[in-house]
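Asks: structure for this input, please:
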Amino acid sequence: MEGSLNILVIGFIGFGLAMDAFAVSIANGLAVKVLRIRYAVRIAMFYGAFQAVMPVLGWLAGYGLREIICEIDHWIAFGLLAFIGSKMIYESYQLEIPDQPCNPLTVYRLLILSFATSIDALAVGLSLSILQAEIVTPALIIGVITFILSLTGVFIGNRFGHFFEKKIELVGGLILLGIGIKILIDHLSGQA
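Replies: Model (predicted):
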């Protein structure tokens, strides 16, 4: 896995990570009474930017740990992705939208939500660093996928409301859990 990741794997990671932001974007779209394109773009830009930056921060944090944990890196990557995926699956059953939604367009609210939905991306960046994968391409792809899905989510939320939120979070969790298992199986079968 050293060097770069398969573009398909990066796409699946990006899709999985974007599910938090997508679900919250649906709620944001529901909260905005009169939706304008600039509102949707603003929300999507915040989520996409945070999802692109957080893996880089995680990657940088893991950079100094590579030599120390190189023997168990695949277990750490599996553990982080399995934890994040399981957490997302669990949260898909806990997700509730308040009766009185807050204004999702304030900078303060967007910063809080962007940070909260991108914590998982920080852990994925740490995993990529430990696996010695490069970070620029994955970070850009994750950010773009999140932007597109968040933009779409705002419009879906504005039109269709509560139909998709819990299912989206569940799908994202399953994808990340699957990628963690794939990393572990690839490494263990390579050692056999």
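Asks: use CA for all of it now, contacts and neighbours both
Replies: Noted.
Asks: quick check: residue 86 touching residue 120?
Replies: No: contact between residue 86 and residue 120 fails when scored by Cα atoms under 8 Å: they sit 11.5 Å apart.
Asks: mind checking which of the two has more residues around it?
Replies: In this comparison of residue 86 against residue 120, neighbours counted by other Cα atoms under 10 Å, the higher total goes to residue 120 at 27 against 18.
Asks: so who does the more buried one touch?
Replies: Contacts for residue 120 (Cα atoms under 8 Å, 6 or more residues apart in numbering) come out as 17, 84.
Asks: same check, this time on the one 5 residues further on
Replies: With contact set as Cα under 8 Å, 6+ apart, residue 125 has these partners: 54, 55, 56, 57, 58, 59, 62, 135.
Asks: roughly how far does it sit from residue 83?
Replies: Counting by Cα to Cα, to the nearest Å, the separation of residue 125 from residue 83 is 14 Å.
Asks: residue 177 contacts residue 85, doesn't it?
Replies: Yes: the criterion here is Cα under 8 Å, and residue 177 meets it with residue 85 at 4.8 Å.
Asks: so residue 35, which of the three states?
Replies: coil (DSSP: H, G, I helix; E, B strand; the rest coil).
Asks: and it, what pLDDT?
Replies: According to the model's per-residue confidence, residue 35 sits at a pLDDT of 82.
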